[in-house]
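Novice: The sequence and its predicted three-dimensional model are supplied below.
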Amino acid sequence: MPRLGYLFAPNFSFPNIKLNEILEIEFQFGYSLGILPSFNEMEFYELIWLYERMAEQRKKENEDQQKNQSGRTSMMNMFGGGK
């Protein structure tokens, strides 16, 4: 009977996921569900990463909002009543 230890790689049941990928997945879930992160339980690298990611997300949302506002035409503008 063969030994199972030789049939599988040492990390067979554990996927090789980088820390940045884990943090990104956690951020996406938390942000989309409106769950605030617990800063008391974070390590320094996680805190810095989260701060930079939140700043990037805010900048992206502001740019999207400005594009939507500049591309919209109000009813007043359509009928000549707006500026």
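Specialist: That came through, no problem. Residues are numbered from 1 along each chain as shown.

Novice: shaky segments in the chain?
Specialist: 1-12, 14, 71-83 (pLDDT under 70).

Novice: what about the helices in it?
Specialist: Using DSSP state H, the helices of the chain run over residues 19-33, 44-71, 75-78.

Novice: Point out the one among those helices that comes closest to S13.
Specialist: helix 19-33 (16.8 Å; C-beta to C-beta). For the C-beta atoms, the positions are set from N, CA and C on the backbone; glycine is no exception.

Novice: neighbouring contacts of the closest one?
Specialist: 35-37, 45-46, 49-50, 53, 57 (C-beta atoms under 8 Å, 6 or more residues apart in numbering).

Novice: from those residues, which two are the most distant?
Specialist: Greatest spacing in those, by C-beta to C-beta: I35 and Y45 (20.5 Å).

Novice: now the helices of the chain in CSV, with distance to S13?
Specialist: Shown next, in CSV, are the helices of the chain (distance: least, C-beta to C-beta, whole Å):
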stretch, distance to S13
helix 19-33, 17
helix 44-71, 25
helix 75-78, 60
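
Novice: Can you lay out those as a markdown table showing mean neighbour count?
Specialist: Output for these, formatted as a markdown table (neighbours: other C-beta atoms under 10 Å):
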| stretch | mean neighbour count |
| --- | --- |
| helix 19-33 | 12 |
| helix 44-71 | 11 |
| helix 75-78 | 10 |
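
Novice: Tell me which residues touch the nearest residue to M42 once chain neighbours are set aside, please.
Specialist: Using C-beta to C-beta, 6 or more residues apart in numbering and skipping residues adjacent in sequence, the residue nearest M42 is L50, 7.1 Å away. By C-beta under 8 Å, 6+ apart, L50 lies in contact with 23, 27, 37, 42.

Novice: L50 and Q65, how far apart?
Specialist: Using C-beta to C-beta, to the nearest Å, one gets 22 Å for the distance from L50 to Q65.

Novice: swap in S32?
Specialist: With C-beta to C-beta as the criterion, S32 and Q65 are 18 Å apart.

Novice: picking up where we left off before, just flag the most distant two among the contacts of L50.
Specialist: Longest distance between any two of the contacts of L50 is 12.0 Å, between F27 and M42; criterion C-beta to C-beta.
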